[in-house]
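Asks: Everything below, folded, please.
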Amino acid sequence: MRILHTADLHLGRQFNGIPLDDDHGAVLDQIVSAITSNGIDVLVIAGDIFDRAAPPTSAVRQFNGFLARVASETAAAVVMIAGNHDSGDRIASMAIMTDTRRALIRGAISSDEKPLVLSDAHGPVAFTGLPFAYEYAARECFADEALHTPENVLAAQVSCGRRNIPGAARWVVVSHAFVAGASTSESERPLTRVGGIETVSSAVFEGAHYVALGHLHRPQSVGASHVRYSGSPLAFGFDESDCQKSMSLVEIDAVGRATIETVPFEPIRRVRVLRGRHAELLLAERSDDFIKVVLTDDAPVIDGMKRIRDVFPNACELLYERNERVPEVKSLEVRAMAVASPVEVIGDFLQHVRDERLSENELAVMASSLGRLRETEDMQ
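Replies: Numbering: from 1, shown residues only. As a prediction, the model looks like this:
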């Protein structure tokens, strides 16, 4: 069975105040084309369809038109869930008149998650959609006051879904969560209150042959190759300027092994960081890309951004490289000791205890956690 996995469309979002309607239209067209050109059996959208619970009318119309094209121009089934940016009730309303033989649309949490069961030449494949829900909603749904973390909630959802899977079926789980060890971006909204434990273990999905994840915007597998984020189709921050956006094309064989390829998105406007002298950048080819400019000029440039926008009309930020440098502190008498960063301290401790420094995945989790601690301190 061939699955096209995407997520985090964030329809209705803007980039630094600039509407993205045309950009979203282009990637939605590419999803439809990928379905038809790759013989896709199931399209999975793993949450954050819209950027906010009450999206603009233009975003709703855009998505409705997209679903109509999938229904009329392709034979693919659709499995989609609500993410933390979505209104669960809004997403659930899309399922009221839906052909349940061809679609599974899950907006609100349920204590009895029924799968969409499809068949290929090797037998049944069951798709379980687990919409995002906060702890308070899960405690009410499952009548369990012990659900205090996102992992508690997700474990309860997976357990309920697992009970309804036919014994011989291969199993695909669709979820919207922050799995421990994954790399984050600046544009993702936290899934829990300040100070809460946001991450969940990939082990919670035990038994699934493929886990289609949403929430994090970088395409990546985490914990195991079959537990995967497709990432967002568009970059929503300059920290994602180095990230190739893509869809995940997943083929599940007769025994449930998932083979994964990526289908790259081609945005009509890219997100780029340009570094150089002001006069040099003015000689560049005109571009409508979203641009962050880092000037290497020693002296301030008069009307710097205004003149940059003659070449890059969607330039969003301008700063000077000299302001990014850490000022050098000199002493006439005593040389100051270098102050180690928190990550360095933790890395040294781990090397001492387990003879191993932080891995790339651990560094990503540590940086994310320290960032939230700083935000908490700033709020106090």
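
Asks: mean confidence score for stretch 63-71?
Replies: For stretch 63-71, the mean per-residue pLDDT is 97.

Asks: Distance from that stretch to the middle of the chain?
Replies: Centroid displacement of stretch 63-71 relative to its chain, using CA atoms, centre = their mean, to the nearest Å, is 22 Å.

Asks: Okay, buried residues for that stretch please.
Replies: By 16 or more other CB atoms under 10 Å, the buried positions in stretch 63-71 come out as 63, 66-67, 69-70. Glycine gets a C-beta too; all of them are placed from N, C-alpha and C.

Asks: next one: stretch 265-278
Replies: For stretch 265-278, by 16+ other CB under 10 Å, it's 265, 267, 269-272, 274, 276, 278.

Asks: Residue 243: which of these is nearest?
Replies: Lowest distance from residue 243 to those (CB to CB) belongs to residue 271, with 8.7 Å.

Asks: Any idea what the closest one is bridged to?
Replies: residue 290 (DSSP bridges).

Asks: My guess is it contacts residue 290. True?
Replies: Yes - counting by CB atoms under 8 Å, residue 290 is a contact partner of residue 271 at 4.8 Å.

Asks: joint contacts of those two?
Replies: Taking CB atoms under 8 Å, 6 or more residues apart in numbering as the contact rule, residue 271 and residue 290 both touch 15, 238.

Asks: Helix, strand, or coil at residue 3?
Replies: strand (DSSP: H, G, I helix; E, B strand; the rest coil).

Asks: neighbours of it, just the number please.
Replies: Residue 3 has 25 neighbours, counted by other CB atoms under 10 Å.

Asks: Can you show me the helices along the stretch 1-150 of the chain?
Replies: 21-37, 57-73, 88-93, 135-142, 150-163 (DSSP state H, counting those that start in this stretch).

Asks: And the contacts of the first one?
Replies: By CB under 8 Å, 6+ apart, the surrounding residues in contact with helix 21-37 are 4, 6, 9, 11, 40, 43, 58-59, 62-63, 66, 69-70, 73-74, 76, 233-234, 247, 249, 263, 265-269.

Asks: Can you list the buried residues in it?
Replies: 23-24, 26-28, 30-32, 34-35.

Asks: Check the last one too.
Replies: By 16+ other CB under 10 Å, the buried positions in helix 150-163 come out as 150-158, 160-162.

Asks: same question, the third one
Replies: Across helix 88-93, burial judged by 16+ other CB under 10 Å covers 88, 90-92.

Asks: Out of the buried residues of stretch 63-71, flag the one nearest to residue 201.
Replies: Nearest to residue 201, judged by CB to CB, of those is residue 63 at 32.2 Å.

Asks: ok, now which ones touch the residue lying closest to the closest one once chain neighbours are set aside?
Replies: Of all residues not flanking residue 63 in the chain, residue 11 sits nearest, at 5.6 Å (CB to CB, 6 or more residues apart in numbering). The contact partners of residue 11, by CB under 8 Å, 6+ apart, come to 24, 49-51, 55, 59-60, 62-63.

Asks: Kindly report the same for residue 362.
Replies: The neighbourhood of residue 362, defined by CB under 8 Å, 6+ apart, consists of residue 181.

Asks: 6 Å - rerun?
Replies: Contacts for residue 362 (CB atoms under 6 Å, 6 or more residues apart in numbering) come out as none.

Asks: for it, helix, strand, or coil?
Replies: Classification of residue 362 using three-state DSSP returns helix.

Asks: how does the chain divide into domains?
Replies: Domains of the chain are assigned by automatic domain parsing as 2-264, 271-324, 342-379.

Asks: most tightly surrounded among those domains?
Replies: Among the domains of the chain, domain 2-264 has the highest mean neighbour count (mean count of other CB atoms under 10 Å), at a mean of 19.

Asks: Just the terminal-to-terminal distance for that domain.
Replies: 17 Å (CA to CA, to the nearest Å).

Asks: ditto for stretch 250-267
Replies: One end of stretch 250-267 to the other measures 22 Å (CA to CA).

Asks: Outside of it itself, list whatever touches it.
Replies: With contact meaning CB under 6 Å, 6+ apart, stretch 250-267 is reached by 1-3, 5, 27, 30, 34, 122, 170, 209-210, 226, 233-234, 244-249.

Asks: if I pick residue 138, what's in contact with it?
Replies: Residue 138 neighbours (CB under 6 Å, 6+ apart): 109, 147, 153.
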